[in-house]
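Novice: below are the sequence and a predicted model for it; my questions follow.
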Amino acid sequence: MTTQFKLAAALILSGLIVAGCQKPAERTDAPAAAATQPTASADVHPFTIGALQAAALKDGDIVLENVAGQSPWVDNAGVAEVLRRTGDPKIHLSIQPLLIRGDDKIVLIDTGAGGAMGTANKLPASLAAAGVQPGQVTDILISHGHGDHLGGLVQNGALAFPNAAIRMSTAEWTAVQADAELATLVPVMTPKVQTFEPGAEITPSITAVALQGHTPGHTGYEIVSGDDRLLYLGDALHSSVISVERPDFVNGWDNDSDAAVATRFALLGRGATQSLRTYGVHFPFPGLGTFRRQADGFVWVPETAAQP
């Protein structure tokens, strides 16, 4: 890691720690509709964050060969070396939007791929199994404007979550509107879009965290209830193996590689130092775990025991 990366990472880490210490505001929002009774499903992983009810909702999987044209990582040989230790030469990226219930809100963070990118479009069934109907979702929080995160917003030309405010950073919404590949999506979304600036309080328990480098307004979300805290990583780190063990590797999906590398180092440093519970939307389902330091860097430790 260059001196420039170290300095940038230190600055980002300082900002992340300050954001992580903010106290949630008092509840002011109107009550949301009551959810229905959940059912057991292998695609739903319920857990809690303090007084909040949460659930990982499986949408699908992306499986890539570690070759140019499929893998986003430029150093295919370096990635092959990392993957060799896993016993699987392919790149596996799960997709699991996060459901949060509390503060009189039903919040969904990201909406999956909507069946694109070779995925299974499991989100509607996963949401139903979690006891929530699309019309009951009050807020959709978008980390960024890539298809595997907002692809589930619109189905058959209509909003899949008709009563939800669609929230994303101002910079990201500007980028989404300028993206020709999203031209059919934008007019349907526009009436429901509400933008915010980095560090904004989205609900009394959820704060936006700027995670620079992946897209112009890429945003993570820090969820706090009582003494419990969870950081939604978005696409700051894609792979629980490659992105964590080699955060310095250039990822072609990043808009600004230098900033993205600095963000990864900052997140890993904060996560390991604070034993911070994190949620990797592309990590192995259900995406919950912590980062730990090891002799030559970092490793992701999945959370194996489900909370009651």
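Specialist: Nice, thanks for sending it over.
Novice: go through stretch 73-90 and flag the buried ones.
Specialist: 73, 78, 79, 82, 83 (16 or more other Cβ atoms under 10 Å). The way it works is simple: take the backbone N, C-alpha and C, and place the C-beta from them, glycine included.
Novice: again with stretch 169-185
Specialist: If you call a residue buried by 16+ other Cβ under 10 Å, then stretch 169-185 has these buried ones: 169, 171, 172, 173, 175, 176, 182, 185.
Novice: contact partners for the third one?
Specialist: Under the criterion of Cβ atoms under 8 Å, 6 or more residues apart in numbering, the contact partners of residue 172 comprise 142, 144, 145, 215, 216, 217, 218, 219.
Novice: repeat that for the second one.
Specialist: With contacts defined as Cβ under 8 Å, 6+ apart, the neighbours of residue 171 are 216, 217.
Novice: doesn't it fall inside a helix?
Specialist: Yes. Under DSSP: H, G, I helix; E, B strand; the rest coil, residue 171 falls within a helix.
Novice: quick one: the helices in this structure?
Specialist: Along the chain, the segments classed as helices by DSSP state H run 3-20, 76-84, 123-129, 147-150, 170-178, 186-189, 242-245, 257-274.
Novice: for residue 290, which of the ones you listed is the nearest?
Specialist: helix 257-274 (6.4 Å; Cβ to Cβ).
Novice: could you list the low-confidence segments of the stretch 201-308 of the chain?
Specialist: Low-confidence segments of the stretch 201-308 of the chain (pLDDT under 70): 305-308.
Novice: pull the contacting residues for the residue lying closest to residue 192 once chain neighbours are set aside.
Specialist: Computed as Cβ to Cβ, 6 or more residues apart in numbering, the closest residue to residue 192 that is not its neighbour in sequence is residue 166, at 4.5 Å. The contact partners of residue 166, taken as Cβ under 8 Å, 6+ apart, are 140, 142, 153, 189, 192, 193, 194.
Novice: now swap in residue 125 and tell me
Specialist: Applying Cβ under 8 Å, 6+ apart to residue 125 gives the contacts 41, 43.
Novice: same thing but at 10 Å, please
Specialist: 41, 43, 44, 57, 58, 59 (Cβ atoms under 10 Å, 6 or more residues apart in numbering).
Novice: make TSV out of the residues you listed and add distance to residue 234 and neighbour count.
Specialist: Converted to TSV, the contacts of residue 125 look like this (distance: Cβ to Cβ, whole Å; neighbours: other Cβ atoms under 10 Å):
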residue	distance to residue 234	neighbour count
41	24	17
43	21	21
44	21	24
57	16	31
58	17	25
59	15	30
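Novice: in these, which has the lowest confidence score?
Specialist: Within those, pLDDT reaches its minimum at residue 41, with 94.
Novice: any of the contacts of residue 166 buried? List them.
Specialist: Counted by 16+ other Cβ under 10 Å, those give 140, 142, 153, 189, 192, 193 as buried.
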